[in-house]
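1. Output the structure for:
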Amino acid sequence: MRLSHRLERIHSLSEAWFQRAVGNMGRSVIGDGRNSDQKRYNPGSSNEWDGPTIGMANDMIASEMTDGFHLIVDTMKLNGLDTIYGVAGIPVTDLMRLAQSKGIKYIGFRHEQSAGNAAAAAGFLTQKPGVCMTVSAPGFLNGLTALANATVNCFPMILVSGSSDRNIIDLEQGDYEELDQMNAAKRYAKAAYRVNRPQDIGVGFARAIRAAVSGRPGGVYLDLTAEVIGAAIDAETARKSMIKVVDPAPRVIPSPESIQHAISVLASAQRPLVILGKGAAYSQADQEIRHFVESTGIPFFPMSMAKGILPDGHAQSAASARSYAIGNADVVLVLGARLNWLLSHGRAPLWSEKTRLVQVDIAATEMDSNRAITAPVVGDIKSVMQALNAAMKPGQIKPSAQWLKDLGEKKQKNIDKMAKRLSADPTPMNYHNALRTIRDVLATHPEAYVTNDGANTLDNGRNILDMKLPRHRLDSGTWGVMGVGLGFAIGAAVEMGKPVVAVVGDSAFGFSGMEVETICRYKLPIVVVVINNDGIYRGDPADVECTPTGLGRGSRYDKVIEAFGGHGYHVTDSASLAKALNEALKAGKPALINAVINTMAGTESGNIGYLNPKSAAQPVTK
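-> Below you'll find the model as predicted:
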């Protein structure tokens with residue numbers, strides 16, 4: 001059964017359940033919300049709910065009234081927010097049930113952080129804010145990490161959380177799960193709003209949608225109090241209060257002067273280079289970018305989540321000589337990337353102080369943030385690339401033959417060196433032959449999405465796992481957060497309806513491993529490959545146990561998914577890994593491959609061990 005058909009079946013069953021639960025209530029409630037329909041938690045009762053339920057309004061309805069429950073759902077549907085990723089609980093459980101019964105897909109998780117990561121992935125892939133819904137206080141805080149990560153990575157996402165009543169919170173009187181959630185979120189989100197009246201639900205969602213996708217995208221927090229969710233409101237007033245957001249992410253057209261200046265700087269270059277960031281991938285300006293790169297002949301390399309905008313095997317790719325290209329380029333076009341730690345802040349020793357930069361970004365404040373930008377171009381990437389392609393003359397911008405020759409020689413030297421590593425096939429496996437095997441299988445499944453999570457698994461996977469299509473790779477991105485792999489995989493599978501391979505380290509798997517139950521429950525076409533070396537970075541030596549970076553020896557992660565009805569594979573060599581991955585992708589069902597590699601494979605902190613602080617104290621000499 002196709003994923004879409006399975007979700008339709010879930011929706012049908014949910015709608016039947018909800019109709020039985022509410023009886024003849026239809027779209028109406030009575031009272032002021034708090035004292036009628038609102039459910040209250042009583043920790044001393046045998047049943048945690050001691051207040052009336054929605055269904056108790058059967059014989060007391062006023063047909064002209066509706067409530068916050070329905071207004072929230074109707075507003076979401078009006079704006080095309082058709083999926084909720086979340087974890088049920090007070091005070092949003094019935095809201096989730098109603099949403100599902102009215103046709104909104106609901107994907108329930110085991111932890112809010114993974115639900116938030118799925119919503120963030122949905123936003124990146126679709127340019128529409130993904131929605132994560134959580135309970136109050138602890139549930140909200142669990143989702144806050146994902147919200148902050150979405151904001152840093154510029155993924156449009158809305159975290160919607162129920163919250164306790166304001167009059168109790170503001171006087172700190174000790175309500176159930178009391179927390180001032182909106183103010184807690186402000187520091188970590190692009191924007192944060194609270195809805196205190198049901199007639200403001202439409203405005204709240206409108207502001208959240210616009211904030212999430214306009215300008216530089218990011219995470220937005222929307223606080224819905226329990227009182228607002230259950231409150232009664234006149235149906236006509238409710239209808240008029242809903243807002244359908246029009247053009248939430250308007251184009252930002254670059255100035256003609258900035259385009260001409262950028263072309264002038266690029267035309268003067270002998271050794272130009274293009275760096276593609278994940279902002280370029282998000283922009284979906286694939287054809288415009290490809291036309292510019294191929295018509296100018298400029299070498300390029302992608303940041304990890306920009307892989308596939310042009311295929312990794314493209315003749316102009318300089319990815320295999322990245323450091324040499326950056327250090328020797330005289331002009332660099334930075335397209336949708338930020339000069340942060342991932343690009344050494346644009347500074348020496350990686351970068352030359354003489355290099356001139358042309359930076360394209362939708363936020364003017366990004367310019368000159370780490371070094372002077374010679375030609376800043378402020379605009380959305382699609383509009384900028386259209387303008388550049390239209391304004392430049394044939395042959396006006398081109399690299400020198402010597403630059404292409406020098407770069408080509410450096411590329412080939414590094415390619416030959418890597419090929420030697422990848423051709424080795426030891427048993428037990430190491431990172432190189434395990435990931436090479438996965439790469440070779442994925443080459444026959446270009447439609448598959450890949451999520452990559454871990455330390456060494458991520459660092460090596462970034463270089464080994466080739467991508468042919470844009471936006472088919474998701475990883476930890478700007479923050480380097482570990483544990484995003486399964487949440488991202490679920491979001492990609494639900495939104496895109498294609499197979500997903502989550503390539504994760506054993507340590508990274510531990511952050512969200514219980515989401516394999518979510519994968520199995522919804523029968524998602526996800527194959528999880530756990531690269532297992534019994535440790536964070538690497539396992540413990542045979543004569544040492546329980547170091548800070550060691551994990552349990554011989555762990556059988558394949559048994560975890562089998563407990564929930566998925567298919568588990570345990571492999572110890574590359575041939576078995578290839579067979580298992582091919583079989584799992586062909587089946588299109590939940591699977592987990594426990595790929596055992598050498599316990600001592602891996603380096604401390606992967607490729608970023610230099611970030612670990614060293615003592616500045618000098619040893620005392622006697």
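
2. Thr160 against Val228, yeah?
-> For the record, residue 160 is Val, not Thr. No: under the criterion of Cβ atoms under 8 Å, Val160 makes no contact with Val228, lying 11.7 Å away. No exception for glycine: its C-beta is placed from N, CA and C like everyone else's.

3. Between these two, which is the more surrounded one?
-> Val228 (31 against 27; other Cβ atoms under 10 Å).

4. what distance separates stretch 303-316 from the middle of the whole chain?
-> Chain-centre distance of stretch 303-316: 19 Å, with Cα atoms, centre = their mean, to the nearest Å.

5. List the buried residues in that stretch.
-> Across stretch 303-316, burial judged by 16 or more other Cβ atoms under 10 Å covers Met303, Ser304, Met305, Ala306, Lys307, Gly308, Ile309, Leu310, Pro311, Asp312, His314, Gln316.

6. And those, which is closest to Thr355?
-> The shortest approach to Thr355 among those belongs to Met303, at 17.6 Å (Cβ to Cβ).

7. nearest spatial neighbour of that closest one, skipping sequence neighbours?
-> Excluding the flanking residues, the one nearest Met303 by Cβ to Cβ, 6 or more residues apart in numbering is Gly277, at 4.8 Å.

8. State the distance from the one you found to Pro299.
-> Going from Gly277 to Pro299 by Cβ to Cβ, to the nearest Å gives 16 Å.

9. Quick check on those two: which one has the bigger neighbour count.
-> Each of Gly277 and Pro299 has its neighbours counted (other Cβ under 10 Å); Gly277 has more, 28 against 25.

10. Now do the buried residues in the helix or strand hosting Lys559.
-> Here Lys559, judged by DSSP states H and E, is contained in helix 558-562. Neighbour-count burial for helix 558-562 flags Asp558, Val560, Ile561, Glu562 (criterion: 16+ other Cβ under 10 Å).

11. With stretch 133-148 instead?
-> Neighbour counts over stretch 133-148 (16+ other Cβ under 10 Å) mark 133-137, 139-148 as buried.

12. Could you do stretch 126-134 as well?
-> Quick answer for stretch 126-134 (16+ other Cβ under 10 Å): Thr126, Lys128, Pro129, Gly130, Val131, Cys132, Met133, Thr134.

13. And stretch 67-80, by the same measure?
-> Those would be Asp67, Gly68, Phe69, His70, Leu71, Ile72, Val73, Asp74, Thr75, Met76, Asn79, for stretch 67-80 by 16+ other Cβ under 10 Å.

14. and the residues you listed, which two are the farthest apart?
-> Those two in the buried residues of stretch 67-80 that are separated most widely, counting by Cβ to Cβ, are Asp67 and Asn79, at 19.1 Å.

15. quick one: secondary structure of His261?
-> Here His261 is recorded as helix under DSSP: H, G, I helix; E, B strand; the rest coil.

16. and the nearest residue to it once chain neighbours are set aside, what does it touch?
-> Nearest residue to His261, sequence neighbours excluded (Cβ to Cβ, 6+ apart): Ala375, at 4.8 Å. Contact analysis of Ala375 by Cβ atoms under 8 Å, 6 or more residues apart in numbering lists Ser258, His261, Ala262, Ser264, Val265, Arg356, Leu357, Val358, Gln359.

17. Check the gap between the residue nearest the centre of the chain and Met303 for me.
-> Centroid check for the chain by Cα atoms, centre = their mean gives Ala121 as the closest residue, at 3.3 Å. In this view, Ala121 and Met303 are 17 Å apart by Cβ to Cβ.

18. Check Ala99 too.
-> The gap separating Ala99 from Met303 is 36 Å, by Cβ to Cβ.

19. pLDDT below threshold where in the protein?
-> Scanning the chain for pLDDT under 70 picks out 1-63, 621-622.

20. For whichever helix in it runs longest, give me every contacting residue.
-> In the chain, assigned by DSSP state H, the helix with the most residues is helix 401-423. Helix 401-423 has contacts (Cβ under 8 Å, 6+ apart) with 270-272, 297, 299, 318, 320-321, 324-325, 328, 432-433, 436, 463-464.

21. list the buried ones in the helix or strand following that helix?
-> Note on helix 401-423: by DSSP H and E, the next helix or strand toward the C-terminus is helix 431-442. Buried residues in helix 431-442, counting neighbours by 16+ other Cβ under 10 Å, are found at Tyr431, His432, Asn433, Ala434, Leu435, Arg436, Thr437, Ile438, Arg439, Val441, Leu442.

22. Over to stretch 324-344?
-> Buried residues in stretch 324-344, defined by neighbour count with 16+ other Cβ under 10 Å: 324-326, 328-339, 343.

23. can you confirm Arg471 is in a strand?
-> No: going by three-state DSSP, the assignment for Arg471 is coil, not a strand.

24. Pull the number of nearby residues for it.
-> When counting by other Cβ under 10 Å, one arrives at 22 neighbours for Arg471.

25. Hmm, Phe124 and it touching each other?
-> Yes: at 7.2 Å, Arg471 counts as touching Phe124 under the criterion of Cβ under 8 Å.

26. Mutual contacts of the two, please.
-> Here Arg471 and Phe124 have Ala281, Tyr282, Met305 as joint contacts, going by Cβ under 8 Å, 6+ apart.

27. which ones among the residues you listed are found in helices?
-> Going by DSSP H, the helices hold Ala281, Tyr282 from those.

28. Can you give me the distance of Thr296 to Pro394?
-> Thr296 is 10 Å from Pro394, by Cβ to Cβ.

29. The two - which one has more neighbours?
-> Thr296 (25 against 8).

30. show me the contacts for the more buried one.
-> If you count contacts by Cβ under 8 Å, 6+ apart, then Thr296 has Leu266, Pro272, Met392, Ile397, Lys398, Pro399 around it.

31. and it, how far is that from Leu273?
-> According to Cβ to Cβ, Thr296 and Leu273 sit 11 Å apart.

32. and if you look at Lys244?
-> Applying Cβ to Cβ to Lys244 and Leu273 gives a distance of 44 Å.

33. more neighbours, those two?
-> Between Lys244 and Leu273, counted using other Cβ under 10 Å, the more crowded position is Leu273 (24 against 11).

34. partner residues bridging that one?
-> Val332 (DSSP bridges).

35. which residues touch it?
-> So Leu273 contacts Ile298, Pro299, Phe300, Phe301, Ala318, Ala325, Ile326, Ala329, Val331, Val332, Leu333 (Cβ under 8 Å, 6+ apart).

36. surely Leu524 meets Ala493?
-> Yes: between Leu524 and Ala493 a contact is recorded at 4.4 Å, counting by Cβ under 8 Å.

37. returning to what we had before: just the ones in strands from the contacts of helix 401-423, please.
-> Those of the contacts of helix 401-423 mapping onto strands are Pro272, per DSSP state E.

38. Of the contacts of helix 401-423, just say which sits nearest to Ala208.
-> Of all the contacts of helix 401-423, Ala208 sits closest to Asn463, with 37.8 Å by Cβ to Cβ.
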